[in-house]
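**Student:** fold the stuff below for me.
(4 chains)
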Protein chains: 4
Amino acid sequence: MYQEKSSDNGGSMRHQLRRIIFGTDTKLGRYFDIGLMVCIILSVALVFLDTVASIHEQYGEIISILEWGFTFIFTLEYVLRLYCSAHPVRYARSFYGVVDLLSVMPSYLALFFPGASFTLVIRILRLFRIFRVFKLLRYLSEGNVLLRAMLQSGRKVFIFFFSVSLIVMVLSAVMYVVEGPENGFTSIPKSIYWTIVTITTVGYGDITPGTNLGQAIAALTMLLGYSIIAIPTGILTAEISQEISRSKDLRRCSNCLKTGHENDALFCDHCGGELEREL
Amino acid sequence: MYQEKSSDNGGSMRHQLRRIIFGTDTKLGRYFDIGLMVCIILSVALVFLDTVASIHEQYGEIISILEWGFTFIFTLEYVLRLYCSAHPVRYARSFYGVVDLLSVMPSYLALFFPGASFTLVIRILRLFRIFRVFKLLRYLSEGNVLLRAMLQSGRKVFIFFFSVSLIVMVLSAVMYVVEGPENGFTSIPKSIYWTIVTITTVGYGDITPGTNLGQAIAALTMLLGYSIIAIPTGILTAEISQEISRSKDLRRCSNCLKTGHENDALFCDHCGGELEREL
Amino acid sequence: MYQEKSSDNGGSMRHQLRRIIFGTDTKLGRYFDIGLMVCIILSVALVFLDTVASIHEQYGEIISILEWGFTFIFTLEYVLRLYCSAHPVRYARSFYGVVDLLSVMPSYLALFFPGASFTLVIRILRLFRIFRVFKLLRYLSEGNVLLRAMLQSGRKVFIFFFSVSLIVMVLSAVMYVVEGPENGFTSIPKSIYWTIVTITTVGYGDITPGTNLGQAIAALTMLLGYSIIAIPTGILTAEISQEISRSKDLRRCSNCLKTGHENDALFCDHCGGELEREL
Amino acid sequence: MYQEKSSDNGGSMRHQLRRIIFGTDTKLGRYFDIGLMVCIILSVALVFLDTVASIHEQYGEIISILEWGFTFIFTLEYVLRLYCSAHPVRYARSFYGVVDLLSVMPSYLALFFPGASFTLVIRILRLFRIFRVFKLLRYLSEGNVLLRAMLQSGRKVFIFFFSVSLIVMVLSAVMYVVEGPENGFTSIPKSIYWTIVTITTVGYGDITPGTNLGQAIAALTMLLGYSIIAIPTGILTAEISQEISRSKDLRRCSNCLKTGHENDALFCDHCGGELEREL
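**Tutor:** Just a heads-up that it's a prediction; the model follows:
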């Protein structure tokens, strides 16, 4: 539809790439976005599953290979974005530029600590890999056509669940690093279970933080979670209120056409005409 | 009131049966519905009680006999519905058709695994029997005269409690099968206790899921339960808001007839006349 | 103010007594009411404290004597109410008549089981003594002048806390009888602690029901408590909503007198005049 | 701007001091306020950290010296306030006068109990030192210019969090004194963790009150916390309701200018003109 003349072939290719990578208005651009989303979700899930001891033992090798595959994909993505961006420095300094870098750095940094099999440094580096989930934020912006189609309805609910998931994942990873297996946080999936038990205020107490730092983060989790989880109640209440006043507006006397009758009114309070029974 | 001429006697009987089984406008039809409801509730209660070890030991034989009785009743119901339905294939493929089939299948399938006294297969088959509760959904539809009379008032509250009960029952049965007695889910009644402790976010921690799958389902239970249980707060708040604005409308100055005074106003803000004390 | 001629002296005394006991418009009547309220609260507190082992050992004798004192007072009250009521039979059959009888019966019935020092019968009889709290319901009725003065403001909040207290007390006594010391319910004060831990959905799990019946009652407690405790949220939300729309009405443009400006508006949206800063 | 002639030099100095200490309209006055705020927060944090066994062992000496430094600062502040106040007696009897006195008394009183290293008296005296947090209340009053600038937006949220923090701190200190290390309340930071676990109704049960008094305070904490924490839900709901009705007002038909269309309406219900899509 819209065509731009570029002086040389390289510039044209850069421009084409930019439309695919940064834009969503071409078929290839949309495929690129969907592919990347799937990669992000799979790679984060892999980081989480790798912390489960039994999975690590059995599939450690495969996960390691897949992990390097994802690192390669995200590195390629980062290099391409840098290459075809109109303002490479501005991109590198932007929130998404930093997130894109942080999502590949840990894997390379881990090469410098080869002897340590499960030290704190490695565990924290592994944690930083889950920063990849923030790459997903890119797809939440208003202008994104893909998301718009997906979220025609139920937008608020989706954004709420996405935000909660993001918070749960980050908190779970942090608590896994801080508390570790000795306090029951044996893997990130177990840590996610603990986080959900905590933010929904269920609080079984089968897994509880043992360190001071862990208890401080847990206290923050509770306050944060409590505030966030109050949102659905608010949305629901507001919508029920709207529904009630709307249904009142709909009750119209067939005699004098007056509206706004109470839901349990049987006669029109203006002319006394009988009202139709509410369904 | 409404009479339909059918060409042959069999068609007439089929038609009569259809009015009884699918309709609610005849006395026999209503008796049929009430009887079936009672059977569904009793049979589900039986499935639940049978999981309690002490009850199973003492009354296992009687429960087994009753169980086959209910299976016979529901089989007869299914066959009759197939026979007298205007579109048997459409019925068999409909949601209720599938539910009706699923509610009798497990009992027959269990005959093929006679040696296994308490294996996972049997336990899952037993679980599927509680699909019978979904048969109750049929009585929740708008057109049902019986329910309408029952629920003239408090409709919203009833539907809320019914939905919660349904979710609690299904989740309890699933957790009983997934976790089993080794993690404290010794029977479905105990599992129901755990589910209520969880969805109300009380979370004692005396019974907690031990398996990974169980913890995942528990996390879902919390999120689901949390959302569902926010509903009464919403309904209540909306109704209190309505009540407040209604009571404001009712405060009318006897002097100038202006309404809409605040609940704690002592004088009319239009003419200064004293207002009657609020009750 | 209002004087009634009675044919004989006895009738006049009965009538006087009736005004004191049933009415609240005389000074003596009000003293009677206050005295009775204090007696009810003290006697229920006594029943609760008596279940604490250490208190029972040390002060058992004194509590027993006080208990008989209260029983005497309530017996006297019951006899007087029967004597001076205009319709003794109607009173005896009324809700308050039954409550008044139930509040003295257990003490007399306990005399028939002298050998049993701490059997279930005695424990249930002791439980029934807390039915005395229902005597307080009498003072909640609309017409009561005494209460009206006490509750001029904060009525809703008081009724809410009174209802919750009543439910907590009854549930605590029931759980104490059902579960008993072997499951951690060593006394009614401890049982009250458990009930509050449960209905606020805190659920520590330091005391949990061990019997099937106890778990069923606990599940009901959670659902009941959850519904009841949603009420303050509802009231609060409705009042904040009112406050916001009221403060909007108060923002009046000093130029064109238009009201209803948003709280964060700086200029009148009708004439463009600057609005005063919101406090 | 406003200048006051004073008869003698001492009076002028007193007046100057008063403007600095009680007022906020001078530069020095604002520095004084900020400095005092920092001292209050640091000194309360010190009291809390001193209860952690490992910190007390290692840094006990330094904390003791800092503690006396803060005591000196607050004593100086109290004396200066008494000296330069226009009505010293009225100040001494006011809420803030009493709080200012209570915030230095415990340190001096502790000198009279030198032998007891960790008795209940000392522990309660230490508790009273946290009354210093109430000194912060002074900065919450409407007239304070400093706070006003800080809280231009998000006022309600800040006051809510400040109140909750105050309640949490006081309750934590009380529970620490009442329960002590033998019931798991080994330090005030640990006690704060317990309080947050309790008021957010999470209730792990890893730390639970063991004494009767502790359980009574815990029950009050739950009820109090439950009421307080309902406030954000209320504020949020009210604001979402406002937002919905505001967005309805904003939907204006470009044809007939009618407003108030439902958020999901596609056509104007007055003239049938197509409405712009909602963003």
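**Student:** need the residues of the stretch 51-200 of chain A near chain B, please.
**Tutor:** Contacts of the stretch 51-200 of chain A with chain B, taken as Cβ under 8 Å from any Cβ of the partner chain, map to A:52, A:189-190, A:192-193, A:196-197, A:200. Backbone N, C-alpha and C define where each C-beta goes, glycine included.
**Student:** in helices, which of these fall?
**Tutor:** Judged by DSSP state H, those include A:189-190, A:192-193, A:196-197 as members of helices.
**Student:** return the residues in contact with the residue nearest to A:A219 when sequence neighbours are not counted.
**Tutor:** Leaving aside its chain neighbours, A:A219 sits nearest to D:I196 (4.3 Å; criterion: Cβ to Cβ, 6 or more residues apart in numbering or on different chains). Shown in contact with D:I196 (Cβ atoms under 8 Å, 6 or more residues apart in numbering or on different chains): A:219, A:222-223, D:168, D:202.
**Student:** what about 10 Å?
**Tutor:** Shown in contact with D:I196 (Cβ atoms under 10 Å, 6 or more residues apart in numbering or on different chains): A:215-216, A:218-223, A:226, D:164, D:168, D:172, D:202, D:225.
**Student:** and those, which of them are buried?
**Tutor:** A:215-216, A:218-219, A:221-223, A:226, D:164, D:168, D:172, D:202, D:225 (16 or more other Cβ atoms under 10 Å in any protein chain shown).
**Student:** now tabulate these in CSV and tack on secondary structure and pLDDT.
**Tutor:** Output for those, formatted as CSV (DSSP: H, G, I helix; E, B strand; the rest coil; pLDDT from 0 to 100):
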residue, secondary structure, pLDDT
A:Q215, helix, 92
A:A216, helix, 92
A:A218, helix, 93
A:A219, helix, 91
A:T221, helix, 89
A:M222, helix, 88
A:L223, helix, 84
A:Y226, helix, 73
D:V164, helix, 82
D:V168, helix, 88
D:S172, helix, 89
D:V202, coil, 87
D:G225, helix, 74
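**Student:** which single residue of the stretch 51-200 of chain A ends up nearest chain C?
**Tutor:** A:T200 (10.2 Å; Cβ to the nearest Cβ).
**Student:** so what's the residue count around that residue?
**Tutor:** 23 (other Cβ atoms under 10 Å in any protein chain shown).
**Student:** does it touch B:Y226 like I think?
**Tutor:** Yes. Contact status for A:T200 versus B:Y226: in contact at 5.0 Å, counting by Cβ atoms under 10 Å.
**Student:** give the contact list for A:Q58.
**Tutor:** A:Q58 neighbours (Cβ under 10 Å, 6+ apart): A:V52.
**Student:** element containing it?
**Tutor:** Using DSSP states H and E, A:Q58 maps to helix A:53-84.
**Student:** ok, now A:I235?
**Tutor:** Counting by DSSP H and E, A:I235 is found in helix A:212-250.
**Student:** who are the packing partners of that helix?
**Tutor:** Packed against helix A:212-250 by the contact rule (3 or more Cβ pairs under 10 Å, 6 or more residues apart in numbering or on different chains; DSSP states H and E) you find helix A:155-179, helix A:188-199, helix B:212-250, helix C:212-250, helix D:155-179, helix D:188-199, helix D:212-250.
**Student:** could you look up the SS state of A:G205?
**Tutor:** The local conformation at A:G205, judged by DSSP: H, G, I helix; E, B strand; the rest coil, is coil.
**Student:** quick check, A:I34 in a strand?
**Tutor:** No. Assessed with three-state DSSP, A:I34 is helix; it does not lie in a strand.
**Student:** ok, A:P181 touching A:M175?
**Tutor:** No. At 11.9 Å, A:P181 and A:M175 do not qualify as touching, with contact defined as Cβ under 10 Å.
**Student:** tell me, what's touching these two both at once?
**Tutor:** With Cβ under 10 Å, 6+ apart, A:P181 and A:M175 have common neighbours A:K190.
**Student:** the two: which is more packed in?
**Tutor:** Applying other Cβ under 10 Å to A:P181 and A:M175 shows that A:M175 carries more neighbours, namely 27 against 13.
**Student:** what separation do you get for that one and D:Y193?
**Tutor:** Separation of A:M175 from D:Y193 (Cβ to Cβ, to the nearest Å): 14 Å.
**Student:** which of the helices and strands in chain A ranks last by mean pLDDT?
**Tutor:** Lowest by mean pLDDT, DSSP states H and E among the helices and strands of chain A is helix A:145-150, with a mean of 49.
**Student:** quick one: buried residues of the helix or strand containing A:S43?
**Tutor:** Here A:S43 sits within helix A:27-50, counting by DSSP H and E. Of the residues in helix A:27-50, A:29, A:32-33, A:36-37, A:39-40, A:43-44, A:46-48, A:50 count as buried by neighbour count, 16+ other Cβ under 10 Å.
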